[in-house]
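**Q** Build me a model:
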Amino acid sequence: MLPTFSLRAATDADARWIAELRADVLRDDLVRLGRYDPVRVRQRFLDGFEAGQTQVILVDGVEAGSLALRPTSDCQWIEHFYIDRCFQGRGLGGSVLAHVMTRHSDARAFRLNVLAGSPAQRLYLRHGFTIESEDPIDVYMVAPGRPA
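**A** Below is the predicted model of the structure:
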């Protein structure tokens, strides 16, 4: 059974714990890629955090993750999509991604990047993303929007 979730708007007060979540969730992939820096992984998030574009994922009232949607004129960037390890492997990420893509779909494509070799890439492929480009660190993916 898929977990029931809700989303709430992030506030500036959420930045620190989401930065910690990011550091935890990305650690294994960043270590594997030789790119883990415990200060930088948090600071990069804090430097770019926009509460107004970020949603907190809740499961039974517990903060389980985050997702930001940054619209541009030609696409919508899915960013800072992190699921706490204790909620991973239950279909939560797929449910949240499907919900956000359906709710915010328009003619613009969805774009994101994922660390090379990350298991999260399989999730994105299942939801219609294709690889647009890649380098040794990042894989850039795109999924079509849906015309109104």
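**Q** Leu115 pairs with what?
**A** Per DSSP bridges, the residues bridged to Leu115 are Asp138.
**Q** Helix or strand for the residue nearest to the spatial centre of the chain, just tell me which one.
**A** The residue lying closest to the centre of the chain (C-alpha atoms, centre = their mean) is Phe81, at 1.5 Å. Secondary structure assignment for Phe81, by DSSP states H and E: strand 75-83.
**Q** Now do Cys103: how many residues are near it, please.
**A** For residue 103 the amino acid is Arg, not Cys. 9 (other C-beta atoms under 10 Å). For glycine as for every other residue, the C-beta is placed from the backbone atoms N, C-alpha and C.
**Q** And Val56, by the same measure?
**A** Val56 has 19 nearby residues by other C-beta under 10 Å.
**Q** what does Met101 give?
**A** Neighbours of Met101 (other C-beta under 10 Å): 19.
**Q** Now the strand holding Phe81: average pLDDT?
**A** Strand 75-83 carries an average pLDDT of 98.
**Q** if we can go back for a sec, any idea how far Thr102 is from the residue nearest to the centre of the chain?
**A** 15 Å (C-beta to C-beta, to the nearest Å).
**Q** Skip the chain neighbours and tell me the closest residue to the residue nearest to the centre of the chain.
**A** Leu67 (4.5 Å; C-beta to C-beta, 6 or more residues apart in numbering).
**Q** Touching, that neighbour and Ile57? I think so.
**A** Yes. Taking contacts as C-beta atoms under 8 Å, Leu67 lies within contact range of Ile57: 6.5 Å.
**Q** Looking at those two, which has the bigger crowd around it?
**A** Set side by side, Leu67 and Ile57 show more neighbours around Ile57, with 26 against 22, by other C-beta under 10 Å.
**Q** ranges for the helices of the protein?
**A** All helices of the chain, identified by DSSP state H, fall at 15-32, 38-48, 92-103, 120-126.
**Q** Output these as TSV; include the columns distance to Ala9 and mean pLDDT.
**A** Formatted as TSV, the helices of the chain follow (distance: least, C-beta to C-beta, whole Å; pLDDT from 0 to 100):
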stretch	distance to Ala9	mean pLDDT
helix 15-32	13	98
helix 38-48	17	97
helix 92-103	13	95
helix 120-126	24	97
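**Q** Quick one, which of those gets closest to Pro3.
**A** helix 92-103 (4.9 Å; C-beta to C-beta).
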